[in-house]
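> From the sequence below, what's the structure:
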Amino acid sequence: MAKIAFLIPFFPLIGFLINGLFGRHVKRSHSGLIASGAVILSFIFGLVLFFSKSIPATFHFFEWIHLGSLQINFAYHVDELTLVMLLTVSGVASLIHIYSIGYMSHDPGYNRYFSYLNLFTAMMLILVMAENLPVMFIGWEGVGLCSYLLIGFWFEKPEAANAGRKAFVVNRIGDAAFIVGMLLLYNYFGTLSIQPIIERAPDVFAYGSAVITTITILLFIGAIGKSAQIPLFVWLPDAMEGPTPVSALIHAATMVTAGIYMICRLNLLYLMSPTTLWIIGIIATLTALFAGLTAIAQYDIKRVLAYSTISQLGYMFMACSVGAFGAAIFHLVTHAFFKALLFLGSGAVIHGLDNEKDMRKMGGLKKSMPVTRWTFLIGTAAIAGFPFLAGFFSKDLIIESAWVNPLYNKKIICVLGYLTAIITAFYMFRLYYRIFHGRYLGPENVHPHKAPQNMAVPLIILAIFSVFAGFLGWPLNNIFGHYLDPVFGENFHHVAEHLKVDVSHHAGIPITFWIISFACFIIGWFFAWVFFLLAPETSVAWKRALPGLFKTLNRKFYVDEFYNSTIVATGKVLFTRIWQGIDLGFIDAIVNGIGAWSVALGRMCSKLTTGYVRNYALYIVIGIILLLWMIQK
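Below is the predicted model:
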């Protein structure tokens, strides 16, 4: 089993090296096949581990760091949570790789693209399989690097280059906090292996102590950066400058899910810090609402989906804030399917309209793109919470947990979660109706065409999962929850015993919650149907009646402008002065001064080199006299 575990990230790493180092010698038609085959092999080997029944297991491969008492091995830990993430990441990434063969077929950077895409997948697989925090941090930084490379893939465009740089810089803030959190954990445990930390945490930390609160907040700041929550979410909408399959991979299977996974992996630490859970709940709820409202007024179809991802990640953090880690992972998995479907569907629309992304130049595409239309509708209905589709079950489980969870119930999260669900249904059906219904509003010289087969097949597969994956969490036989119970259940009950809380309850079908969820879907869909299909002039009248509100939503509450005028502007002034005062005024002054002194000395000495023998003889005589004088002394 150790060899199988080692090979899972190894295959995409080999694909990265082949396309990266020998891309010039690999045919374009082979490059995509190599990359896709590598990730498919990772998925197959993940299935082998899944059916092996040999988990949980830890695999040590080699000693990585040994400094005094600090010993860190390069090792993987595989349990139920690892396998869920492995299969989700490699499965969705496989479909995105196959889709990319058609989408990127005419791009001059074809081989480079697949090289980066393989590396991205490999780093995420290392992250979820890590036995200790330093190995996790390799994957953590690896996905950050790959996001920079892929968001700025078309670096000749200033917007893409700036977006890649923005993602890289914003994530460094969270990563710095993550490192400090790791150092504090080592200080208290003498190890950075995750399982020993979890097992010893109740003996090392007092429940709700300042130390554990500080550590969990620091690690959560790292998660805020990776998973794009307030205030470090600003990089994710700009990440849409990268190729659309990259957006699908970032939003569905890698990068943004890293923060959720890390918190769920360290679940007991967070259960022992109610203050941190409250902070997570507040930030998550505000983020979900903020991003949903912002999505209402966006016209770029990828930016609408980007803000929807930020909002859905808020739901996952809401689940974490009430200790419902299984619900968070369940929504992560279902979201991976329908969000990948929506992004790849938007890519098919963009591909069929010669790279047009503005929904105001679309409309009436349901006839020319039937497969894309129907699969996009399924994805829209799933994220909006249409009954018995994947998103309905996972989102409802989060809201239900926020209301009835006996350990950390937060009813305000439940209420605001329903409000966000209404907003989600509204902006997603706004997107769907403006793309596929009405009349075509694009240029006459652009003729919409359907997606090729290698793009259509992944859409169909993802649509099937978006319909049926939710039944894994059917309340009367919660297969998903029972499967993850060995990872989360014991820790949850340990904290419940400490707090003397009875967590035993009879599982039943949450009819009341389902009815409310369906009502939220109907309300959101109805207003979208009226505004953008039945009477489109209504939406125009609304914008005219409330121009200030619409402009505020369209400009994303002016968050970027605020950051630019405060943090960025202050930073520029501060670091310009540091550059002028220290770099130029001190360091460069010393270096340039030494250089100028050397040149002056050289010029002075050059005057002694005349070429006349009599001068040299005089120098020798003077030298002998000085030498004899020194000897006499």
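> Every contact and neighbour count from this point should use C-alpha atoms.
Will do.
> quick one, strands of the stretch 301-450 of the chain?
In the stretch 301-450 of the chain, no strands are found when defined by DSSP state E, counting those that start in this stretch.
> just so I have it, where are all the helices in it?
All helices of the stretch 301-450 of the chain, identified by DSSP state H, counting those that start in this stretch, fall at 301-321, 325-352, 370-384, 390-404, 411-436.
> for the stretch 1-150 of the chain, same thing?
Under DSSP H, counting those that start in this stretch, the stretch 1-150 of the chain gives helices at 2-21, 28-50, 80-103, 110-129, 133-151.
> residues of the first one that come out buried?
Going by neighbour count (16 or more other Cα atoms under 10 Å), the buried part of helix 2-21 is 5-16, 18-20.
> T372: which of those residues is nearest?
Closest approach between the buried residues of helix 2-21 and T372, by Cα to Cα: P12, at 28.7 Å.
> hang on, isn't the closest one packed against V39?
Yes: if you go by Cα atoms under 8 Å, P12 and V39 touch, sitting 5.7 Å apart.
> Give the residues shared as contacts by the two.
Common neighbours of P12 and V39 (criterion: Cα atoms under 8 Å, 6 or more residues apart in numbering): N118, T121.
> Nearest residue to the spatially most central residue of the chain in space, please, no chain neighbours.
By Cα atoms, centre = their mean, the chain has its centre lying nearest to V256, at 1.9 Å. Excluding its sequence neighbours, the residue lying closest to V256 (Cα to Cα, 6 or more residues apart in numbering) is S227, at 4.0 Å.
> what's the residue nearest to the centre of the chain in contact with, if anything?
By Cα under 8 Å, 6+ apart, the neighbours of V256 are K226, S227, A228, I250.
> Now do the same contact list for the third one.
Read it as A228. Contacts of A228 (Cα under 8 Å, 6+ apart): V234, W235, L236, V256, I310, L313.
> show me the biggest strand of the protein in terms of residues.
strand 57-67 (DSSP state E).
> Note down every partner strand of that strand and its orientation.
Next to strand 57-67 in the sheet, as set by DSSP bridges, lie strand 70-78 (antiparallel).
> how far off helix 2-21 does the partner strand point, in degrees?
Note on geometry: by axes from the mean of the first three to the mean of the last three Cα atoms, to 10 degrees, strand 70-78 and helix 2-21 are set 100 degrees apart in direction.
> Show the average pLDDT along strand 70-78.
Averaging pLDDT along strand 70-78 yields 93.
> in it, what's buried?
Within strand 70-78, the residues that count as buried by 16+ other Cα under 10 Å are I72, N73, F74, A75, Y76, H77, V78.
> Pull the contacting residues for the third one.
Contacts were defined as Cα under 8 Å, 6+ apart; by that measure F74 touches H60, F61, F62, E63, W64, E131, V135.
> Also K395?
Y315, H331, G385.
> what pLDDT does it get?
At K395, pLDDT is 95.
> Quick check: phi and psi at P448.
phi -60, psi 140 (degrees, to the nearest 10).
> picking up where we left off before, and which of the contacts of F74 is nearest M428?
V135 (38.0 Å).
> Chain neighbours aside, what residue packs nearest to the closest one?
Per Cα to Cα, 6+ apart, closest to V135 is F74, 6.5 Å.
> now that neighbour: how far from F61?
6 Å (Cα to Cα, to the nearest Å).
> Same check on I620?
Distance from I620 to F61, by Cα to Cα: 70 Å.
> Kindly report the same for L145.
For L145, the distance to F61 - Cα to Cα - is 24 Å.
> Those two: which is more packed in?
Neighbours were counted for L145 and for F61 using other Cα atoms under 10 Å; L145 has more, 18 against 13.
> among the helices of the stretch 1-150 of the chain, which is the most enclosed?
Comparing these by mean neighbour count (mean count of other Cα atoms under 10 Å), helix 110-129 ranks first with a mean of 27.
> Pull out the CA atoms of it and give them to me as CSV.
The C-alpha trace of helix 110-129 is given here as CSV (Å, rounded to 0.1, in the frame of the first residue of the first chain):
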residue,chain,number,x,y,z
TYR,A,110,-0.4,24.2,-24.8
ASN,A,111,2.5,22.1,-23.4
ARG,A,112,3.3,24.6,-20.7
TYR,A,113,-0.3,24.7,-19.7
PHE,A,114,-0.6,21.0,-19.1
SER,A,115,2.7,21.0,-17.3
TYR,A,116,1.4,23.6,-14.8
LEU,A,117,-2.0,21.8,-14.5
ASN,A,118,-0.3,18.5,-13.6
LEU,A,119,1.9,20.3,-11.0
PHE,A,120,-1.2,22.0,-9.5
THR,A,121,-3.0,18.6,-9.1
ALA,A,122,0.2,16.9,-7.6
MET,A,123,0.6,19.7,-5.0
MET,A,124,-3.0,19.4,-3.9
LEU,A,125,-2.7,15.6,-3.6
ILE,A,126,0.4,16.1,-1.4
LEU,A,127,-1.4,18.6,0.7
VAL,A,128,-4.4,16.2,1.5
MET,A,129,-2.1,13.2,2.1
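> so what secondary structure elements neighbour it?
Secondary-structure packing of helix 110-129 (3 or more Cα pairs under 8 Å, 6 or more residues apart in numbering; DSSP states H and E): helix 2-21, helix 28-50, strand 70-78, helix 80-103, helix 133-151, helix 256-265.
> tell me the angle it makes with helix 256-265.
Going by the same axes, to 10 degrees, helix 110-129 makes 10 degrees with helix 256-265.
> what's the average pLDDT for helix 110-129?
Computed over helix 110-129, the average pLDDT equals 96.
> quick one, it and helix 133-151 angle?
Interaxial angle, helix 110-129 versus helix 133-151 (the same axes, to 10 degrees): 150 degrees.
> how far is helix 110-129 from where the chain is centred?
Averaging C-alpha positions (Cα atoms, centre = their mean, to the nearest Å) puts helix 110-129 13 Å from its chain's average.
> For the lowest-mean-pLDDT helix or strand in the chain, buried residues please.
Here the helix or strand of the chain ranked lowest by mean pLDDT, DSSP states H and E is helix 613-632, holding a mean of 81. Using 16+ other Cα under 10 Å as the test for burial, helix 613-632 gives no buried residues.
> gap between the residue lying closest to G417 once chain neighbours are set aside and I479?
The shortest distance from G417 to any non-neighbouring residue, by Cα to Cα, 6+ apart, is to I399 (6.4 Å). Going from I399 to I479 by Cα to Cα gives 19 Å.
> Neighbour count: these two, which is higher?
Set side by side, I399 and I479 give different neighbour counts by other Cα under 10 Å, the larger being at I399 (25 against 14).
> and the more buried one, what is it in contact with?
Neighbouring residues of I399 by Cα under 8 Å, 6+ apart: A319, I413, C414, G417, Y418.
> Dump those residues to a markdown table, plus distance to L125, pLDDT and neighbour count.
Converted to a markdown table, these look like this (distance: Cα to Cα, whole Å; pLDDT from 0 to 100; neighbours: other Cα atoms under 10 Å):
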| residue | distance to L125 | pLDDT | neighbour count |
| --- | --- | --- | --- |
| A319 | 23 | 95 | 29 |
| I413 | 32 | 91 | 26 |
| C414 | 33 | 91 | 21 |
| G417 | 31 | 95 | 25 |
| Y418 | 33 | 96 | 20 |
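> Right, I'll call it a day here.
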